[in-house]
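J.: need coordinates for the following:
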Amino acid sequence: MTASPAHKHTHRFSVAPMMDCTDRHYRFLARLISRRARLYTEMVTAVAIVRGKDPARFLSFDPSELPLTLQLGGSDPAELAKAARMARDFGYDEINLNVGCPSDRVISGRFGACLMAEPSLVADCMKAMSDAVDIPVTIKTRTGIAYKAERHAPSRPDQLEPLVDAVARTGCDTFIIHARNAWLEGLSPKENREIPPLDYARVHALKAAHPELTVVLNGGLKTSGTAFESLTTDGVTLDGVMLGRAAYEQPYMLAEVDALFYGDATPPMPRAAVVEGYATYCAGYLAAGTRPSSLLRHLSGLFHGGIGARRWRQQVSKACQGEILVDDLVRLAAALDRPEALAA
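T.: Residues are numbered from 1 along each chain as shown. As a prediction, the model looks like this:
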């Protein structure tokens, strides 16, 4: 399904799908801070959803998290279509196909970045999902792929344009581009986020060549302000930006997003109120036996760069170990939001 203009607007700013980070608890926290940012799940393989005993384990979310995209991994069109239908029925408003993950297991599993070498297969996957659901289906990819022996050799023929052309013919009009090549051998996923050089110009060139498409920039963006500045280069304006680790490690940067990217003048929730709201959310999970660390680790960077940030991280660590209560974090957050109270 092609995205409507209103839906496209939700891509002005998004938080990247990140394994072990963007679970439902982090997403609830992020939504307390930003009402407008598009949120993504961790990548989930279609096979885990379709063949697993408990799809709700992967698909359940709090309605407040919307707008919310489920990112799928896989290369079987029928399996992806079935997973997309299940996600639609759970209430997701968008499905995204991962064609950018560079981890070692993507080659053997035939998903992620290695699929850039098979644009016709990716197009078949996208068409199968689009035909199966009445919500937008989008794609996240890299600028290209390379293997160990090729890293310092002349560039192989452009891989991004053939992929975009093939996928666009299926009706997909939204492309999130991590502006680096993926090196498929010898680098860890972390190294693949840092070592291959960034090429923002390639993403802007894609938008210039395809103004009809929604093109979103991902990779190396550290603050909401620099991300906003990256939207326009040499007269070419992208449709949105996506932040990853920075938005996880410093979640309160999301407080700037609604005004900066969406023109929403509603004041953001203060950090203390965020912690109080998140504590209320956590209470039910803790009572049901969820480990404190699964919930509270996402709070660690909330006061990043502010007075008492180190003390806050230490107390969150203690709360994760069950050494102090969540209520203790609520009280500390209230004090840190009123620095004069620390000296009292």
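
J.: what about the helices in the stretch 51-200 of the chain?
T.: Listed in chain order, the helices of the stretch 51-200 of the chain (DSSP state H, counting those that start in this stretch) span 55-59, 77-90, 105-109, 119-132, 160-168, 189-192, 200-209.

J.: quick check: which of the ones you listed is nearest to residue 20?
T.: helix 189-192 (10.7 Å; CB to CB). No exception for glycine: its C-beta is placed from N, CA and C like everyone else's.

J.: just checking, what packs against that closest one?
T.: On a contact count with 3 or more CB pairs under 8 Å, 6 or more residues apart in numbering; DSSP states H and E, helix 189-192 meets strand 174-183.

J.: what's the distance between the strand it packs on and the middle of its chain?
T.: Computed by CA atoms, centre = their mean, to the nearest Å, the chain-centroid distance of strand 174-183 equals 13 Å.

J.: what do you get for stretch 28-42?
T.: That offset, for stretch 28-42, works out to 9 Å (CA atoms, centre = their mean).

J.: tabulate the CA atom coordinates of it in PDB.
T.: Only the C-alpha atoms of stretch 28-42 are listed here, as PDB (Å, rounded to 0.1, in the frame of the first residue of the first chain):
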ATOM      1  CA  PHE A  28       6.600   3.300  26.000                       C
ATOM      2  CA  LEU A  29       9.300   5.400  27.600                       C
ATOM      3  CA  ALA A  30      10.000   7.100  24.300                       C
ATOM      4  CA  ARG A  31       6.400   7.900  23.800                       C
ATOM      5  CA  LEU A  32       6.100   9.600  27.100                       C
ATOM      6  CA  ILE A  33       8.800  12.000  25.900                       C
ATOM      7  CA  SER A  34       7.700  12.500  22.200                       C
ATOM      8  CA  ARG A  35       4.100  12.200  21.100                       C
ATOM      9  CA  ARG A  36       5.000  12.400  17.400                       C
ATOM     10  CA  ALA A  37       8.200  10.400  16.700                       C
ATOM     11  CA  ARG A  38       7.600   7.200  14.700                       C
ATOM     12  CA  LEU A  39       8.800   4.200  16.700                       C
ATOM     13  CA  TYR A  40      10.000   0.900  15.500                       C
ATOM     14  CA  THR A  41      10.200  -2.600  17.000                       C
ATOM     15  CA  GLU A  42      13.300  -4.600  17.200                       C
END
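
J.: residues of that stretch that come out buried?
T.: Of the residues in stretch 28-42, 28-34, 36-42 count as buried by neighbour count, 16 or more other CB atoms under 10 Å.
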